[in-house]
Every structure is written in structure tokens, then in C-alpha cells.
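Engineer: Predicted structure and sequence below. I'll ask about it afterward.
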Amino acid sequence: ARRARAMQRQGQTPSIVDRPLPKGRSEVSLSAFSFLFSELVQYHRTRASSIAELEQKLSEAGEGVGSRMLEVLAHREKSNRREIRLQGILQFINTNVWRCLFGKVADSLEIYNDDEYVLGDKSLVVNRYISVPKDLGDLNCGAFAAGVVKGVLRDAGFPAEVSAYYAEVDGQRTPKTNILMKFAPEVLEREKRLGA
Amino acid sequence: VRPRVTAPDFPAGRLRGSSTRVCPRWHDMSTAVPPGVHSIWVINKSGGLVYQKSYADVPAIDTNETLRLASIWHSLHAISAQLSPVEGCLGIELLETQNFDLRCVQTVTGTKFFVTASPKTPGLANLLHAVYDLYCDYVMKNPFYELEMPIRCELFEQNVQYAVRATNNAFGY
């Protein structure tokens, strides 16, 4: 941005690379997104031969979103500071990424084993209007959100296996969606080295 | 002396706009009519039944029979729109009988939603618009729903149940 202003003072129009990043729209119609996501699921459903493959395809679609989100949010909200600790990147996903994508922070972040973390969301926006028929078993279209998380983690240097599954909650009709992150051993080793 | 012919006790029906009043007295049922909303039916644009559920203690209708009734209603709705002397009539909106009311709403896409309830139940039009909103949300945005097919969406059925219960509670049924 400084360079853009300098060029303007000299009387030249700044090139596109020198202009400041636009703020971005903070709100998009939920209906528009739901219809688009519904089409995405239908498109992959005709091309996948099993439930696992369908979830894999949705996850891949999410990974693209995740890696771009990391760059944009790191620039906009964190002034290009990199997260090098596990807790840091998890908090980043929990608050910044979720708030930017879904308008609210994720409901819970828990640790199961040494290498397994679970992000919980009572009602995931992508799943809100989807009722999975019985013959598709335990398909969870939250695999898209799992893909977003996987993309963010992979590009931040914390490779992990991420998946989404439903978990029943007492006192709530609809189950909540949990996103399970299983980190690669080198991530845990690095955490140990950097000090607990 | 000409024999006196007595017509059956049929009150003169008033055709106002697009509603019809029908009160046949020869089937005078004196069994109690359950209060509140009885059932909700959804018909697709070609006249096929996509959703039918009863919410009160009314006699069950066989599935094939419900399909037949839905297509008959679809035809009647279309006929009434053509018979109307008024320009721009959209079809039957309200059918009042001795034992139940039937209110129908047709969307711009040709999908029809109708509800049967005990006579003079208030709030039926709002209920139908709420069901239309739920249809747009939980059926249309569901990637596993095939268009014009019977609705098998759990979230839709759950939310329609809540809407019916809310209507019944709001008016003390």
C-alpha cells in the first residue's frame, strides 16, 4: 500500500500487485451457498463409487478453500504472523477461520489422545439443510469443513488426517458434528522439541 | 294436486371469489371431530403426491387412496381456476365443510400445499406458508432429494411437526 501511494504521488497509477488487498464481503446469502453446496454434493455423488470416496472428494474441495483462507486471514487479521505452535494454529482455526467462514466461533476444542484433537460444532452450517437418507449410512457432508481444516493445517506446516463425524448429544435432537484431527508424528516431535 | 317435492336440506352455496361452501347434511356424522390440525399434504406440479402426514386421530387412508385423492384434488383445483367468472383466479383456496376445513396454497412453481383441520381453526394460512418455507429449506437444499419424488427428509418432517404443534398450541388445541 505504501508503494501504491508513492507511485500515485509520482503521478503513476499503481499496478494491481501494489494496490491494498480489498476487505472482502463479510456476508454471503446462506441460501445461495446451500444450493451451491447441494449441487457440489450431487455432482460428486454421481462420480463416486462409495461413501468414503464421496467424503474424500468433498474434503478435497474443502482443502482448496482452507489453504486460501490461511493466506487471506493471516494477512488480514494476524499481520502475517506465522503460528508455529500447535495450540496457536488450533486457536486460529477455532476462532478466525470459523468466524470468517461460518460467522461464529466453533463450539468446543478438545484433546482426545496425544495426537488427536477434536473440534466440535453444534450445528455445522454446511450440514444445516441436509438430511442423509438411511441407505447412505454414516455419510457426513461436514467432510467439506474437515477438508477446510486439513488445508489450513497442511499449509501451515502441521500435516494431519482430518475427518468429520456425527456425535449424539443428550438433550439435543440433532447430533453435533465433530472434526477429528490426527496429527502426523513429526508434528508431535517438533512440539516436544519446542518445549511443552 | 301435484305432489310436493322437497329438496334436500342444502343451503344455497355462495361462490365468493375462489372459495366454495359445501355442507351436505345427509351424512350427518355426530362422532367427535379432533380439534386442531388434522393433516398436511404436498402435491408436486404434475399432480403427484409427495408428502402426506396426519397429526390427529383421524381415520387412516390407504397409501394408494391418498395418491388418488391428491391427483383428484389437483384436477379440481385446475378446473376451479378455469370455471371462475373472475379474471386471474388461482384455484380453490378454502373448502369449508361441516366436519373439517381445507385450506390450500399454490406456489408460483405449481406446487400445492394443503392442510385439513377442524372447522374454524385459525392460523392455517400462516401454517401453510411456514410449511412452504420449510420445504424450500429442508427439501430443496437437500442434495439427496430427487425433484418431484416423495419427500423422505427427516429434518423436513421434524420441522413440520414442530410447526403443526406450534399452531395447535397457539390456539389452545
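Structural biologist: Done, it's in.
Engineer: Contacts for stretch B:165-172, please.
Structural biologist: B:35-37, B:55, B:121-124, B:126-127 (CB atoms under 8 Å, 6 or more residues apart in numbering or on different chains). C-beta: built from backbone N, CA, C; applies to glycine.
Engineer: what's the answer for stretch A:55-69, then?
Structural biologist: Contacts for stretch A:55-69 (CB under 8 Å, 6+ apart): A:40-41, A:44, A:47-48, A:97, A:100-101, A:139-141, A:143-155, A:162-164.
Engineer: Enumerate every residue touching the residue most central in space within chain A.
Structural biologist: In chain A, the C-alpha nearest the mean C-alpha coordinate belongs to A:Val148, at 3.0 Å (CA atoms, centre = their mean). Residues counted as contacts of A:Val148 (CB under 8 Å, 6+ apart) are A:62-63, A:65-66, A:69, A:97, A:101.
Engineer: Redo the contacts of stretch B:165-172 as TSV? Include neighbour count, distance to B:Gly172 and pLDDT.
Structural biologist: TSV is the format used below for the contacts of stretch B:165-172 (neighbours: other CB atoms under 10 Å in any protein chain shown; distance: CB to CB, whole Å; pLDDT from 0 to 100):
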residue	neighbour count	distance to B:Gly172	pLDDT
B:Pro35	15	9	86
B:Gly36	18	9	88
B:Val37	24	13	91
B:Tyr55	20	16	91
B:Thr121	21	11	88
B:Pro122	11	10	87
B:Gly123	16	11	88
B:Leu124	20	15	90
B:Asn126	13	16	92
B:Leu127	25	15	93
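Engineer: quick one: average pLDDT of whatever helix or strand B:Trp73 lives in?
Structural biologist: In the assignment (DSSP states H and E), B:Trp73 maps to helix B:63-83. Helix B:63-83 shows a mean pLDDT of 93.
Engineer: CA-only coordinates of it in CSV, if you can.
Structural biologist: What follows is helix B:63-83 as a C-alpha-only set of coordinates in CSV (Å, rounded to 0.1, in the frame of the first residue of the first chain):
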residue,chain,number,x,y,z
THR,B,63,-51.5,-45.1,0.6
ASN,B,64,-52.9,-45.8,-2.9
GLU,B,65,-56.0,-44.0,-1.9
THR,B,66,-54.0,-40.9,-0.9
LEU,B,67,-52.3,-40.8,-4.3
ARG,B,68,-55.7,-41.0,-5.9
LEU,B,69,-57.1,-38.2,-3.8
ALA,B,70,-54.2,-36.0,-4.4
SER,B,71,-54.5,-36.2,-8.1
ILE,B,72,-58.3,-35.6,-7.9
TRP,B,73,-57.6,-32.5,-5.8
HIS,B,74,-55.0,-31.4,-8.4
SER,B,75,-57.6,-31.7,-11.1
LEU,B,76,-60.3,-29.9,-9.1
HIS,B,77,-58.0,-27.1,-8.3
ALA,B,78,-57.2,-26.6,-12.0
ILE,B,79,-60.9,-26.8,-13.0
SER,B,80,-62.0,-24.3,-10.4
ALA,B,81,-59.5,-21.8,-11.8
GLN,B,82,-60.9,-22.1,-15.2
LEU,B,83,-64.6,-22.0,-14.2
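Engineer: Check which element follows it along the chain.
Structural biologist: Criterion used, DSSP H and E; the element after helix B:63-83 is strand B:94-96.
Engineer: by contact count, what packs against that following strand?
Structural biologist: Applying 3 or more CB pairs under 8 Å, 6 or more residues apart in numbering or on different chains; DSSP states H and E, we find strand B:94-96 packed against strand B:19-21, strand B:101-106.
Engineer: Give me the nearest residue to the most centrally placed residue in chain B, chain neighbours excluded.
Structural biologist: Nearest to the mean C-alpha position of chain B, counting by CA atoms, centre = their mean, stands B:Phe114 at 3.1 Å. Closest residue in space to B:Phe114, ignoring its immediate chain neighbours: B:Cys104 at 3.9 Å, by CB to CB, 6 or more residues apart in numbering or on different chains.
Engineer: Tell me which residues touch the one you found, please.
Structural biologist: B:73, B:77, B:91-95, B:112-114, B:128.
Engineer: wait, which of those is closest to A:Ala32?
Structural biologist: B:Phe113 (24.1 Å; CB to CB).
Engineer: hmm, stretch B:34-42 touching chain A?
Structural biologist: No - applying CB under 8 Å from any CB of the partner chain, one finds stretch B:34-42 out of contact with chain A, separated by at least 15.6 Å.
Engineer: Distance from the chain centre to stretch A:170-190, please.
Structural biologist: 13 Å (CA atoms, centre = their mean, to the nearest Å).
Engineer: er, stretch A:154-173 actually
Structural biologist: Distance of stretch A:154-173 from its chain centroid, counting by CA atoms, centre = their mean, is 10 Å.
Engineer: got the buried residues for that stretch?
Structural biologist: Going by neighbour count (16 or more other CB atoms under 10 Å in any protein chain shown), the buried part of stretch A:154-173 is A:154-156, A:158, A:160, A:162-164, A:166.
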